[in-house]
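Engineer: Sequence below, structure please.
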Amino acid sequence: LKPAFPRLGRLVSFISGGRGLGSTGVVAMNVAMSSSSAAAVPQVSPAEMMIAEMKGMADCFARMTTSCYSKCIANVHEAKLNVGEMSCVDRCVSKYMDVHAAVGTELQGAVQAAAASAAQPATVE
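Structural biologist: The predicted structure follows:
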């Protein structure tokens, strides 16, 4: 399958440290995003959406923690972080959250565009 939204794929790959969504997640995202009929999109309850959002944020937090810790804290010698480590962690978390927000905005726009194009009747000239 050709990615429906290659720019989104690059953002997801960046935020996940190159691991991306995995083949299953990419295929599911492409199938869901490229379907042209509204009937093909399954209805999702608000509770399921909330659970998915919580899982996404938990995954983001876990990846951010692992990534920023490995980049900013070389070895633990003291109980508190030094100024350089605190500054590095602050910048790392800020960048990670900015990219996470950009991915969310891009995905939301793509879903809305797909829904709008699916709602419009096809015209034949």
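Engineer: Could you use CA atoms for every contact and neighbour count after this?
Structural biologist: OK.
Engineer: measure residue 120 to residue 108 for me?
Structural biologist: Using Cα to Cα, to the nearest Å, residue 120 is found at 19 Å from residue 108.
Engineer: no no, residue 83
Structural biologist: Distance from residue 83 to residue 108, by Cα to Cα: 37 Å.
Engineer: out of these two, which sits in the busier spot?
Structural biologist: Taking other Cα atoms under 10 Å, residue 83 and residue 108 do not tie; residue 108 has more neighbours (12 against 9).
Engineer: List the buried residues of the host helix or strand of the more buried one.
Structural biologist: Counting by DSSP states H and E, the element that carries residue 108 is helix 83-119. Within helix 83-119, the residues scored as buried using 16 or more other Cα atoms under 10 Å are 85, 88-89, 92-93, 96-97, 99-100, 102-103, 106-107, 110, 114-115.
Engineer: and it, what does it pack onto?
Structural biologist: Here helix 83-119 touches helix 6-15, helix 22-34, helix 46-72, going by 3 or more Cα pairs under 8 Å, 6 or more residues apart in numbering; DSSP states H and E.
Engineer: Next, the angle helix 46-72 makes with it.
Structural biologist: 150 degrees (axes from the mean of the first three to the mean of the last three Cα atoms, to 10 degrees).
Engineer: wait, which of the buried residues of helix 83-119 is closest to residue 57?
Structural biologist: residue 100 (9.2 Å; Cα to Cα).
Engineer: And the pLDDT at the closest one?
Structural biologist: Per-residue pLDDT puts residue 100 at 86.
Engineer: Where among the helices and strands packed on helix 83-119 is average confidence lowest?
Structural biologist: Among those, helix 22-34 scores lowest, at a mean of 46.
Engineer: and residue 55, how many residues sit next to it?
Structural biologist: With other Cα under 10 Å as criterion, residue 55 counts 12.
Engineer: how near is it to residue 48?
Structural biologist: Applying Cα to Cα to residue 55 and residue 48 gives a distance of 10 Å.
Engineer: Also residue 118?
Structural biologist: Counting by Cα to Cα, the gap from residue 118 to residue 48 is 23 Å.
Engineer: and what of residue 65?
Structural biologist: Counting by Cα to Cα - residue 65 and residue 48 are separated by 25 Å.
Engineer: Brilliant, that's me finished.
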